[in-house]
Each structure stands twice: as structure tokens, then as C-alpha cells.
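Peer 1: Make a model of this:
(one chain, ligands or ions: 2)
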Amino acid sequence: MAKLDYYTLLGIGRNANVSEIKRAFRRLAMEYHPDRNPNDKEAEQRFKDVTEAYDVLKNQEKRATYDRFGHEAFEHGGQGRGGFGFSASSFSDVFEDLFGEVMGGGRQRSSAQRGDDLKYQLDISLEEAFSGTEVSINLTTSDTCGACSGSGAELGTKPEVCPSCGGRGKIRLQQGFFMMERTCASCRGAGQTIGDPCKNCNGQGRVQQEKSLVVKIPKGVEEGTRIRLTGEGEAGYQGGPSGDLYIFIAIKPHPLFQREGPTIYCKAPISVATAALGGEIDVPSIEGKRSKLKLSAGTQTGQKFRMRKMGMPRLNSSHVGDMVVEVEIETPVALTRAQKDLLKKFDQASSEKSNPKTTTFLTRIRKMLGETVE
Ligand SMILES: [Zn+2]
Ligand SMILES: [Zn+2]
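Peer 2: Residues are numbered from 1 along each chain as shown. Ligands and ions are numbered 1, 2, ... in the order given. Coordinates of the predicted model:
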């Protein structure tokens, strides 16, 4: 499905300014917020979409890139297992924009910031979705700095009281009759500064590191199923909590099966003779076995057969879906002379009764054209 244009999603013009973007987002995010729309898949999707749109448009650089290249500028997925579908999009950032201000900007007095959430697309096969699996993934992300345990201050030193605000985190300003308070710019409201930053992480409290994770994929996952690994996202800034890692499942196309929820569909070509005479055919099962399907004489193309409990398991449930086999009669090709002769003989021996549909069709044509019908 084509993705909606970010401006359209937010219902704003292409030259909307930052505060218009913010206003539009806040209104829509409130409307579609999952807490207000429990169990509403559509609202959830809308919420995700507008959040994504806002995340891009509020940032001047990202917005310029988007204006030039469209959605493609931000799509990194589809690189297969180990392909790194990394998105720096930070859910927490957006929430802070949304709710931080609504609640009066009551930020914590600390320079520690939560790490970004990460997004990782994991491609698995339908068989793996059927049985569940364990996959190890490698990703480069910022991890807590081991040298300073994430504080950002060189070992043996401590952050110092911020000289600009005297540790209050806020600076008072006289404006006419009013006394105003502003967050201290030097310490960003933390009230303390790091005098001797950790050399390993330059005072960040985190360093870029390759890490390897084993992810348990439960059976029954579907395209787009999201698995959240709490605390496995980017490490926080100066001792802040880590973000989360979101694994998005993508299921690779299968050469034999199509899947819709717990139901598996399989198209089975059969010969004209089998269709006419009936018989047993081999059908595959997602379990990796061969099963027999009995066809009665006179089976027609497009006929569907439901095989109980041969579909996919449902996520977090003991329910197992069915497999629906649709037969398709294959018209024989590349015939030898002998085969042609047999078919001609067969046709001559056929009666109207053997082909009731054809007979009805021809009768209707004759009726329509006003020809006599016995
Ligand atoms: Zn450090
Ligand atoms: Zn300060």
C-alpha cells in the first residue's frame, strides 16, 4: 500500500511552519492516542503514521530531505536478516514534545536523557513464523560506557555544581514587574556540569558498540508484529535510562503458501484426468510434510478444500488455523500425436451430459439469438 504523504497525513500545507506542524500533530495524536482508542487497530496505525510524519517534519534537515526525496529517503528496511533497519526516530522525543508541554514542561532536574528507541526489521520465513525461532542479530548502537558506568564523569571525579545557576537548574530574569524563570542553558537544567569528562566517552556516558542479541520469535507472528526488547535500544545520555529496541517482523514470500492470519492458502494444479476421475493428490503442509487430499470424480477448477488445523498457530494462543487448498485443472500442453488422437476420440465419445456447463452456455446463446431450441 502506498504511504500517505506526510503533509496530507497531518492535514497541513507544504509550507506550514513549525508551530502549525506541532499544532496539527498534537490534535491528531490526541485523537488517535492508543489510550483513547483501546483495541482499535486503525487508530493505532494512524497514531504511528502521524507520529512518524511529525518526527520528520519537525526537524528542518529531515524535512528538507523528505521534500526532495519523499518517503524513500527514510526507508532502510528489506535488507534481509542482519540488514540493519535502523531508525533514529525517537518515540520518546515525540512524547516529550506532545505531553511535556501539555503538562507544563515539568522536566526532571537532570541532564540524563533517555536513549533513543531503535527499530530493527527482521525477515523470517513462513516456516519460522509457524514454529517460532531464535535469531541472533548484530547491531551497532550506543551502549553504556564501561569506563564511567554511564555517568560521563572521569572515574574518581563527580559532576560539579553548575556555576551559571548555582545548581538550581534555572535562571531568574527580571522582566518589568515580572520575575521569570528559564532553564539554565549551561547545564540544560541539570544543575550540575561535568568538570572532568570521561575520556572514553567524552562525557556522553555512552559509546558506540556492536552488540549481539538473541531474539526469541514466538510462533504465530505475522507481518508487522512488533517485539519490544525493553532497554535494548540506545543507551541514555549521561546515565539516563536506555531506550527500547523494537523488532518488526517481516515474513518472506513462500513459493507454495499464502497466508492470511491463521489461514494458509495453497494452489494445487491437477491433471484433467485426476479432476474427471477423482483420486488422491499430494499437498504440502507448513509443518514440512506431505499430506494426501482426496478428490471426488468431477472436481472443478477453483474448488476449495479446507484441511483442518493445517494452518498457522495464532500468536499467544493454542488455536491453529486451517489450510485451504484450491485446485486448478491444468490444460495439458505439448501433446504427442497419440495423445491428440486419444483426446479427439474422447471428445467424440462425450455427450452433452459430460459437459453440462458448456451445454447450458450454448443453449442460452441460441435462445438469445432467437434460434429454435428443442
Ligand atoms: Zn564514559
Ligand atoms: Zn546551570
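
Peer 1: roughly how far is stretch 209-229 from the heart of the chain?
Peer 2: How far stretch 209-229 lies from its chain's middle: 11 Å, per C-alpha atoms, centre = their mean, to the nearest Å.

Peer 1: what's near enough to touch Lys252?
Peer 2: Contacts for Lys252 (C-beta atoms under 8 Å, 6 or more residues apart in numbering) come out as 123-126. C-beta here means a position set from N, CA and C on the backbone, and glycine is covered the same way.

Peer 1: what sits against Ala275?
Peer 2: Each residue near Ala275 by C-beta under 8 Å, 6+ apart is listed here: 295, 298-301, 327, 329.

Peer 1: Which members of those additionally contact ligand 1?
Peer 2: Among those, no residue sits close to ligand 1 (C-beta under 5 Å from the ion).

Peer 1: out of the contacts of Lys252, which are buried?
Peer 2: Applying 16 or more other C-beta atoms under 10 Å to those, the neighbour count classes 123-124, 126 as buried.

Peer 1: For the residues you listed, give me JSON lines that also has secondary structure.
Peer 2: Below are the buried ones among the contacts of Lys252 laid out as JSON lines (DSSP: H, G, I helix; E, B strand; the rest coil):
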{"residue": "Asp123", "secondary structure": "strand"}
{"residue": "Ile124", "secondary structure": "strand"}
{"residue": "Leu126", "secondary structure": "helix"}
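
Peer 1: What is the nearest of these to ligand 2?
Peer 2: Set against ligand 2, the nearest of the buried ones among the contacts of Lys252 by C-beta to the ion is Asp123 (47.4 Å).

Peer 1: Surely that closest one and Ala250 touch.
Peer 2: Yes - if you go by C-beta atoms under 8 Å, Asp123 and Ala250 touch, sitting 4.8 Å apart.

Peer 1: on that earlier part again, may I see the contacts of Lys252 organised as CSV, with distance to ligand 1 and pLDDT added?
Peer 2: Shown next, in CSV, are the contacts of Lys252 (distance: C-beta to the ion, whole Å; pLDDT from 0 to 100):
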residue, distance to ligand 1, pLDDT
Asp123, 35, 94
Ile124, 36, 96
Ser125, 41, 97
Leu126, 44, 97
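
Peer 1: Okay, Arg46 and ligand 2: tell me how far apart.
Peer 2: Using C-beta to the ion, to the nearest Å, Arg46 is found at 40 Å from ligand 2.

Peer 1: Gly176 too?
Peer 2: Between Gly176 and ligand 2 the distance is 24 Å, computed by C-beta to the ion.

Peer 1: Can you give me the neighbour number for Ser212?
Peer 2: Residues lying near Ser212 (other C-beta atoms under 10 Å) number 8.

Peer 1: before we move on, what about the one 10 residues further on?
Peer 2: By the criterion of other C-beta under 10 Å, Glu222 has 15 neighbours.

Peer 1: show me what contacts it?
Peer 2: Glu222 makes contacts with 129, 249, 251, 259, 261, 315, as judged by C-beta under 8 Å, 6+ apart.

Peer 1: Does the second one touch Gly220 like I think?
Peer 2: Which is Ile249. No - contact criterion C-beta under 8 Å: Ile249 and Gly220 do not qualify, at 10.7 Å.

Peer 1: anything in contact with each of the two?
Peer 2: Common neighbours of Ile249 and Gly220 (criterion: C-beta under 8 Å, 6+ apart): Ala129.

Peer 1: of the contacts of Ala275, closest to ligand 1?
Peer 2: Minimum distance to ligand 1 across those is 65.5 Å, recorded for Val327 (C-beta to the ion).

Peer 1: Tell me the buried residues in whichever strand or helix holds that closest one?
Peer 2: Per DSSP states H and E: Val327 is located in strand 323-330. Under the neighbour-count criterion of 16+ other C-beta under 10 Å, strand 323-330 has 323-325, 327, 329 buried.

Peer 1: For the chain, what lies in contact range of ligand 2?
Peer 2: When proximity is defined as C-beta under 5 Å from the ion, the chain approaches ligand 2 at 162, 164-165, 184, 186-187.

Peer 1: And those, which of them are buried?
Peer 2: Looks like the residues of the chain next to ligand 2 have 162, 165, 184, 187 buried, using 16+ other C-beta under 10 Å.

Peer 1: Nearest residue to the first one in space, please, no chain neighbours.
Peer 2: Spelled out, that is Cys162. Cys187 (3.8 Å; C-beta to C-beta, 6 or more residues apart in numbering).

Peer 1: where does that neighbour fall, helix, sheet strand or coil?
Peer 2: Following three-state DSSP, Cys187 is assigned to coil.

Peer 1: ok, it touching Ile194?
Peer 2: No - contact criterion C-beta under 8 Å: Cys187 and Ile194 do not qualify, at 9.4 Å.
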